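Engineer: Quick one, what's the 3D model for this:
(chains A and B)
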There are 2 protein chains.
Amino acid sequence: MATQPIIKHKQRVETINGIKTQVVCTEFSNFIFIVVTQYGKMGTLISVTPDSRNADIGTRTFTTKVLLGKDEALTHVYAKNLVTFVSQEAGNKAVLLGLALKDSTIEGLKAMKEAIKSCQVW
Amino acid sequence: MATQPIIKHKQRVETINGIKTQVVCTEFSNFIFIVVTQYGKMGTLISVTPDSRNADIGTRTFTTKVLLGKDEALTHVYAKNLVTFVSQEAGNKAVLLGLALKDSTIEGLKAMKEAIKSCQVW
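Structural biologist: Take a look at the predicted model:
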């Protein structure tokens, strides 16, 4: 017996600085799954989890962890930069992020954030 | 500039042994992302990777690794049972599997495999 799908999913293809960029967003009850790929690959998989320790003083930190792929310092920076706002807007939900970037300039990342916004599932 | 999405995605809701079961499949070039959830959660995240070592003698083994969530022996068994056929059908692609099961009876798993088949993106 098949009923209506209720897991929200959106995707988008944008050309960012001349590079075809695919964004996929899927919402689960405990995680938002986001992939930003310029290779078609799922790429490095990073969990971005809001830290509850500082919630009482109004600031919130995030823990990033590379689950799959190369663990490079910049990957953590990009991950936080791209999806901190998603977690915040989604009521501090964790984000599972796949990243496969050719272009990681500030302008590129800014355009990717806009593309993620346009795939809002939270 | 937005163009056509080309990342294949399918999802389905089935009632399996009286339990609402959601299946989500998304194809990336190096991974197939599959979630089978009876809680709406993404659940335990497992990578199921075909092992190349035995390819020459015609058999292929799979390495399962829990990336997120509780690492229980049965999780590896369920993961292999559910998605080995996907990897094989997809030309030995790796599978990233999210599992959140209430019912893990043999009949339940069989029905889930059918649901995954009906969401074929590979």
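
Engineer: CA atoms for contacts and neighbours, from now on please.
Structural biologist: Noted.

Engineer: how about low-confidence regions in chain A?
Structural biologist: A:1-5, A:53-58 (pLDDT under 70).

Engineer: Which helix in it has the most residues?
Structural biologist: When chain A is parsed with DSSP state H, its longest helix is helix A:73-89.

Engineer: So which bits of that one are buried?
Structural biologist: A:Thr75, A:His76, A:Tyr78, A:Ala79, A:Lys80, A:Leu82, A:Val83, A:Thr84, A:Val86, A:Ser87 (16 or more other C-alpha atoms under 10 Å in any protein chain shown).

Engineer: Rebuild those as JSON lines, extending it with distance to chain B.
Structural biologist: Compiled in JSON lines, the buried residues of helix A:73-89 are given as follows (distance: C-alpha to the nearest C-alpha, whole Å):
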{"residue": "A:Thr75", "distance to chain B": "17"}
{"residue": "A:His76", "distance to chain B": "17"}
{"residue": "A:Tyr78", "distance to chain B": "20"}
{"residue": "A:Ala79", "distance to chain B": "17"}
{"residue": "A:Lys80", "distance to chain B": "19"}
{"residue": "A:Leu82", "distance to chain B": "19"}
{"residue": "A:Val83", "distance to chain B": "18"}
{"residue": "A:Thr84", "distance to chain B": "19"}
{"residue": "A:Val86", "distance to chain B": "17"}
{"residue": "A:Ser87", "distance to chain B": "16"}
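
Engineer: Just give me the closest of those residues to B:Gln11.
Structural biologist: A:Val86 (22.8 Å; C-alpha to C-alpha).

Engineer: Pretty sure A:Ala79 sits against A:Ile46.
Structural biologist: Yes - counting by C-alpha atoms under 8 Å, A:Ala79 touches A:Ile46, with 7.3 Å between them.

Engineer: Quick one: work out the angle between the one helix or strand A:Lys65 maps to and strand B:62-68.
Structural biologist: Using DSSP states H and E, A:Lys65 sits in strand A:62-68. Angle, strand A:62-68 to strand B:62-68, by axes from the mean of the first three to the mean of the last three C-alpha atoms, to 10 degrees: 180 degrees.

Engineer: Now do strand A:62-68: everything it contacts.
Structural biologist: Outside strand A:62-68, the residues that touch it by C-alpha atoms under 8 Å, 6 or more residues apart in numbering or on different chains are A:44-51, A:76, A:79-80, A:84, B:67-68.

Engineer: Now the buried members of those residues.
Structural biologist: Of those, these count as buried by 16+ other C-alpha under 10 Å: A:Thr44, A:Leu45, A:Ile46, A:Ser47, A:Val48, A:Thr49, A:Pro50, A:His76, A:Ala79, A:Lys80, A:Thr84, B:Leu67.

Engineer: Format those residues as JSON lines; extra columns: distance to B:Val36.
Structural biologist: Listed next are those as JSON lines, based on distance: C-alpha to C-alpha, whole Å:
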{"residue": "A:Thr44", "distance to B:Val36": "22"}
{"residue": "A:Leu45", "distance to B:Val36": "19"}
{"residue": "A:Ile46", "distance to B:Val36": "20"}
{"residue": "A:Ser47", "distance to B:Val36": "19"}
{"residue": "A:Val48", "distance to B:Val36": "22"}
{"residue": "A:Thr49", "distance to B:Val36": "22"}
{"residue": "A:Pro50", "distance to B:Val36": "25"}
{"residue": "A:His76", "distance to B:Val36": "28"}
{"residue": "A:Ala79", "distance to B:Val36": "26"}
{"residue": "A:Lys80", "distance to B:Val36": "27"}
{"residue": "A:Thr84", "distance to B:Val36": "26"}
{"residue": "B:Leu67", "distance to B:Val36": "16"}
